[in-house]
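Chemist: Dropping a prediction and its sequence here:
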Amino acid sequence: MSNYKLKNIREAYKNKILSKKVYQLERKLIPLLKEMEQIGIKLDFSLLRALSKKLNARLRELENRIYKVAGVKFNISSSQQLSEILFKKLGIFAAGLKKTSSGTISTAASELLKIKNKHKIINLVLEYRELAKLKNTYLDTLPKLADPQTHRVHTTYHQLGTMTGRLSSSGPNLQNIPIHGEWGREIRKAFIAENGYKLLSADYSQIELRVVACLAKDKKMLEAFRENQDIHKITAAEVNNLPLIKITPEMRYQAKALNFGVIYGMSVVGFAQAARISNEKAKEFIQEYKKDFFGIAEYVERIKEKARKRGYVETVLKRRRYLPQITSSDFRFRQASERMAINMPVQGTAADIMKVAMIRARYKLKKAKTKTRILLQVHDELVLEAKNNEAEKTAEIIRDAMENVLEDPIFKEVKPIFQIPLKVDIKMGDNWGTCQNYPK
DNA sequence: TGCTTCACG
DNA sequence: ACGTACGTGAAGCAA
């Protein structure tokens, strides 16, 4: 159907998921998403093939070593067989490791990391998994999905595919292209600009933390953003009661996990795992955090109460998420709903902001008579393709559109909530992997 | 088809 | 005594 998207949006509006504002926002987004899907993004086929060959060679090597160490050939990609080999045949000590719902001991990377010093096979398996994933999901699959003539891949965006208001992307999913690790960047280099064009990437800096700081009106966090500080470093200084200069990378890493915990609806165990510290230490950090960022702690209680009373939570533009389990007698369902109640207004408001920014950006790029096209949206990042001689102009326009998005009339009534500026980082280059900061 | 795992924000 | 961070989509295996 040509207008199934519109139909779904109307449906959501009728069902009170979307306010009138959000409904109109989503309607305006349809033609833009359609353009983005139709334009697609160009792939460097020969680079993908070269990388695939490289990974294949390494995978064969790892495969042989794993068989040798295990003393038997088996399917390394089968978590069941792998679990059998590791914990029965090789008898690796597995006490304290998670079990899967079907009863076998988990072989997830997070579990294997805990025992990587017990046996040399672990690191081989971890590397095998990483490379197999990249090869199968990206290197070998993307070219098959691309247009054989133009070498461009075309995703499909789903406007209402998520419970929070984010977009999702499928066939292929272009929102989970690798970037971490030594191979991630290499893969992004295969996403290239058309001849005579540059790729631009514009991403919001810490948008979710900025949003939660505003929703919670947290004094310290607002101040940190107003002064354009390194928020994770500030957090580390606060919870450790140390001056900024004494903050180590380790402390910043833990503080970063703490800040993510706020967005996700903190749990002691979840935070402890992410920060790689004991549950006891985690508890202490969280207690200290609640004292330092009192506004955040208050907000968390307020939003949980609101969710219980009303049965739903919403973004600043009043996009709703219903949480029927918030009053469940089973505390696990209840707590899960509470985490969603904390997270949705934050993630959803950030998503609303990005959607408005996209429409403004498209409008301003057209008005300035540029040939620039918006190619991808990756939650807090836009990827654009601009003619070489329009690249800098495009950068200025996109920065203005994104940073000043809250001036849009749609935010008129809620503008006072936002007490701090939004910040956008822009990169530019011939491909998605080696974009340079703009301005330098 | 459901489960497990893992890529991204 | 549990099992946990929030939100997605895709690949491969096992039944």
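Modeler: Thanks, I have the structure now. Since we're looking at a predicted model, the values are computed, not measured.
Chemist: Which positions within stretch A:63-77 qualify as buried?
Modeler: Within stretch A:63-77, the residues that count as buried by 16 or more other CB atoms under 10 Å are A:66, A:69, A:70, A:76. In short, each C-beta sits where N, CA and C put it, glycine included.
Chemist: So that stretch, near DNA strand C or not?
Modeler: Yes: for stretch A:63-77, a contact with DNA strand C is found by CB under 7 Å from any atom of the strand, at A:75, A:77.
Chemist: which parts of the stretch 51-200 of chain A sit against DNA strand B?
Modeler: Counting by CB under 7 Å from any atom of the strand, the stretch 51-200 of chain A sits next to DNA strand B at A:79, A:83, A:100-102, A:104, A:106-110, A:126, A:129-130, A:133-134, A:137, A:175-181, A:184.
Chemist: Filter the residues you listed down to just the buried residues.
Modeler: Among these, the ones that count as buried by 16+ other CB under 10 Å are A:79, A:83, A:106, A:107, A:126, A:129, A:130, A:134, A:137, A:175, A:177, A:178.
Chemist: Wait, the second one touches residue A:104, no?
Modeler: Spelled out, that is residue A:83. Yes: using CB atoms under 8 Å, residue A:83 is in contact with residue A:104, at 4.6 Å.
Chemist: And for the closest residue to DNA strand C within the stretch 151-300 of chain A, nearest residue in space, chain neighbours not counted?
Modeler: Going by CB to the nearest atom of the strand, DNA strand C is nearest to residue A:261 of the stretch 151-300 of chain A, at 2.5 Å. Setting aside the residues directly before and after it, residue A:261 is nearest to residue A:271 in space (CB to CB, 6 or more residues apart in numbering), at 4.5 Å.
Chemist: and what of residue A:200?
Modeler: For residue A:200, ignoring the flanking residues on the chain, the nearest one in space by CB to CB, 6+ apart is residue A:384 at 4.5 Å.
Chemist: The longest helix along chain A vs DNA strand C: in contact?
Modeler: In chain A, taking DSSP state H as the definition, the longest helix is helix A:331-367. Yes: under the criterion of CB under 7 Å from any atom of the strand, DNA strand C is reached by helix A:331-367 at A:332, A:335, A:336, A:339, A:340, A:343, A:344, A:347.
Chemist: and that helix, what's its mean pLDDT?
Modeler: Mean pLDDT, helix A:331-367: 97.
Chemist: Pull the distance from that helix to the chain's centre.
Modeler: 12 Å (CA atoms, centre = their mean, to the nearest Å).
Chemist: Just read off the phi/psi values of the residue positioned nearest the centre of chain A.
Modeler: In chain A, the residue lying closest to the centroid (CA atoms, centre = their mean) is residue A:379, at 6.6 Å. Backbone torsions of residue A:379, given as degrees, to the nearest 10, read phi 70, psi -60.
Chemist: now do the one 4 residues further on
Modeler: According to degrees, to the nearest 10, the main-chain angles of residue A:383 amount to phi -110, psi 130.
Chemist: who does it bridge with?
Modeler: Beta-bridge partners of residue A:383, counted by DSSP bridges, are residue A:201, residue A:376.
Chemist: Then the one 4 residues further on?
Modeler: The residues paired with residue A:387 through beta bridges, assigned by DSSP bridges, are residue A:197.
Chemist: isn't it right up against residue A:370?
Modeler: Yes: using CB under 8 Å as the test, residue A:387 is close enough to residue A:370 to be in contact (7.4 Å).
Chemist: OK, contacts around the residue of the stretch 151-300 of chain A closest to DNA strand C?
Modeler: A:267, A:270, A:271, A:274, A:286 (CB atoms under 8 Å, 6 or more residues apart in numbering).
Chemist: quick check, the helix or strand harbouring the last one touching DNA strand C?
Modeler: Applying DSSP states H and E as the criterion places residue A:286 in helix A:279-292. No: judged by CB under 7 Å from any atom of the strand, helix A:279-292 stays clear of DNA strand C, getting no closer than 7.9 Å.
Chemist: Quick one: mean pLDDT for that helix?
Modeler: Mean predicted confidence for helix A:279-292 is 96.
Chemist: contacts for the helix or strand following it?
Modeler: The C-terminal neighbour of helix A:279-292 among helices and strands, as given by DSSP H and E, is helix A:294-310. If you take CB under 8 Å, 6+ apart as the criterion, helix A:294-310 is touched by A:212-213, A:215-221, A:262, A:265-266, A:289-290, A:313, A:323, A:326-327, A:337-338, A:341-342, A:345.
Chemist: Buried among those residues? Make that a ChimeraX selection.
Modeler: Here is the ChimeraX command that selects only those of the contacts of helix A:294-310 that count as buried (16+ other CB under 10 Å):
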select /A:212,213,215,216,218,220,221,262,265,266,289,313,323,326,337,338,341,342,345
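Chemist: gap between the closest residue to DNA strand B within the stretch 1-150 of chain A and DNA strand C?
Modeler: Residue of the stretch 1-150 of chain A nearest DNA strand B, by CB to the nearest atom of the strand: residue A:100 (2.9 Å). Using CB to the nearest atom of the strand, to the nearest Å, one obtains 9 Å as the distance from residue A:100 to DNA strand C.
Chemist: Which residues are in contact with that residue?
Modeler: Contact analysis of residue A:100 by CB under 8 Å, 6+ apart lists A:79, A:106.
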